[in-house]
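only geometry, no sequence info:
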């Protein structure tokens, strides 16, 4: 289960970026990634090995969406930097400790504004990382929770859309009380 988000329209994202030159897009490699896989991309992750020989599942859907938004904003004249916060598939931006905060402060690119491609808890995590030195603006709407059914096919993890379920927040009480 994860928080289910829906991304703002392209025109809303462009509007949010008016007046800023350098834009940093920070994406969550967990819930937001699964939501985007459900909505658009089907592929959740691919297993990769990094320079330090760690093997982990690299978020796929969030990466695709960040590249798409980056292209839109670059075409509007913005400089854009992106980063996925997914610590080797073990932590997301909403579950950080003091050591994570310190290391991420050194890694996050500088810019005029940060666009948070994550839920509101992730946005809070980003604010804890960067402090009050920069605006952190959400480019998603939190709409519910997602039961994510997936299957592994070799090095890829795919969402099985017909077996996954979005539970809108408006239905939580009804579902919890009716079984």
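Nice, thanks for sending it over. These numbers were taken from a predicted model, which means no experiment stands behind them.

ok, which stretches of the protein are helices?
Here the chain has its helices, by DSSP state H, at 10-16, 31-36, 61-75, 98-107, 120-130, 172-178.

rank those by pLDDT, which is bottom?
In terms of average pLDDT, helix 172-178 trails the rest of the helices of the chain, at a mean of 49.

of all the helices of the chain, which gets the most neighbours per residue?
Among the helices of the chain, helix 31-36 has the highest mean neighbour count (mean count of other C-beta atoms under 10 Å), at a mean of 29. Placement of C-beta: from N, CA and C, glycine included.

Can you name every helix or strand that that helix contacts?
strand 2-7, strand 43-49, helix 61-75, strand 140-147 (3 or more C-beta pairs under 8 Å, 6 or more residues apart in numbering; DSSP states H and E).

closest to residue 35 out of these?
Counting by C-beta to C-beta, residue 35 lies closest to strand 2-7 out of the helices and strands packed on helix 31-36; the figure is 4.9 Å.

List the buried residues of the closest one.
For strand 2-7, the neighbour count (16 or more other C-beta atoms under 10 Å) marks 2, 3, 4, 5, 7 as buried.

would you list the residues you listed in TSV and tack on distance to residue 114 and pLDDT?
Putting the buried residues of strand 2-7 into TSV (distance: C-beta to C-beta, whole Å; pLDDT from 0 to 100) gives the following:
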residue	distance to residue 114	pLDDT
2	21	85
3	19	90
4	22	92
5	16	93
7	16	94
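
most centrally placed residue in this structure?
Nearest to the geometric centre of the chain sits residue 28, at 2.9 Å (C-alpha atoms, centre = their mean).

and the helices and strands packed on helix 31-36 as a markdown table, adding distance to residue 96?
Listed next are those as a markdown table, based on distance: least, C-beta to C-beta, whole Å:
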| stretch | distance to residue 96 |
| --- | --- |
| strand 2-7 | 16 |
| strand 43-49 | 20 |
| helix 61-75 | 17 |
| strand 140-147 | 19 |
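
Let me know which of the ones you listed is the nearest to residue 19.
Comparing those by C-beta to C-beta, helix 61-75 comes nearest, at 12.9 Å.

helices or strands up against that closest one?
Helix 61-75 sits against helix 10-16, strand 22-28, helix 31-36, strand 79-85, strand 113-117, with contacts defined as 3+ C-beta pairs under 8 Å, 6+ apart.
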